[in-house]
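Visitor: got a predicted model here, sequence first, then my questions.
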Amino acid sequence: MAHDTNARLVAIWRVVAAIPVGSVMSYGDVARRAGYPNAARYVGYALSKASQAPELPWHRVVAVGGRIAFPVGSKLYREQRRRLLADGMRVCGAKVRITPVGDMDSLLWSQAD
DNA sequence: GTTGTGACATTAT
DNA sequence: CATAATGCCACAA
């Protein structure tokens, strides 16, 4: 049955719901994992539509590079940042520390803390 | 059916 | 690193 736009929503929600705590995925990654490599935009729409699903860890979905897709100071921005922190992630401004392999900071942080 | 918009990504300058 | 342009997807007017 084609024309199942709902299937895409489900696929996206499914992927988002599968994101483990302490980890985040970019819209593009979610879209790709859902089976739609270039449906990154649709992911945002799907999440906005799923905002009614509190069980959906939408806060683990961020823009590429771990950057929060909301304007700094926005309600959702603070909400997402708060939830990410609650998940035990380090958030620097609008950026989320995504276990950067090869990144000096990760080693330093690992050592410092 | 065309145009505009959005919780985006990628490439080029 | 910032900005502009283009591509992608689906929906609303």
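Guide: Good, I have the coordinates. Everything numeric in this text was worked out from a predicted model, so none of it was measured.
Visitor: quickly list what the residue nearest in space to the middle of chain A is bridged to.
Guide: Nearest to the geometric centre of chain A sits A:V61, at 1.0 Å (Cα atoms, centre = their mean). Using DSSP bridges, the beta-bridge partners of A:V61 come out as A:M25.
Visitor: how about the residues of chain A by DNA strand C?
Guide: A:T5, A:R8, A:Y36, A:N38, A:A39, A:A40, A:R41, A:Y42, A:Y45 (Cβ under 7 Å from any atom of the strand). All C-beta atoms are positioned from the backbone trio N, CA, C, and that covers glycine.
Visitor: of those residues, which belong to helices?
Guide: By the criterion of DSSP state H, membership of the residues of chain A next to DNA strand C in helices covers A:T5, A:R8, A:A40, A:R41, A:Y42, A:Y45.
Visitor: of the residues you listed, list those near DNA strand B.
Guide: Near DNA strand B, by the rule Cβ under 7 Å from any atom of the strand, you find A:A40, A:R41, A:Y42, A:Y45 out of these.
Visitor: out of the residues you listed, which are buried?
Guide: A:A40, A:Y42 (16 or more other Cβ atoms under 10 Å).
Visitor: closest to A:G66 among the ones next to DNA strand B among the ones in helices among the residues of chain A next to DNA strand C?
Guide: Minimum distance to A:G66 across those is 14.8 Å, recorded for A:A40 (Cβ to Cβ).
Visitor: tell me the contacts of that closest one?
Guide: When contacts are counted by Cβ atoms under 8 Å, 6 or more residues apart in numbering, A:A40 touches A:S26, A:Y27, A:G28, A:V30, A:A31.
Visitor: if we can go back for a sec, any chance of the ones next to DNA strand B among the ones in helices among the residues of chain A next to DNA strand C in TSV, plus pLDDT?
Guide: Output for those, formatted as TSV (pLDDT from 0 to 100):
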residue	pLDDT
A:A40	92
A:R41	93
A:Y42	93
A:Y45	91
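Visitor: what's the farthest-apart pair in the ones next to DNA strand B among the ones in helices among the residues of chain A next to DNA strand C?
Guide: The largest separation in these, counting by Cβ to Cβ, is between A:A40 and A:Y45 at 10.3 Å.
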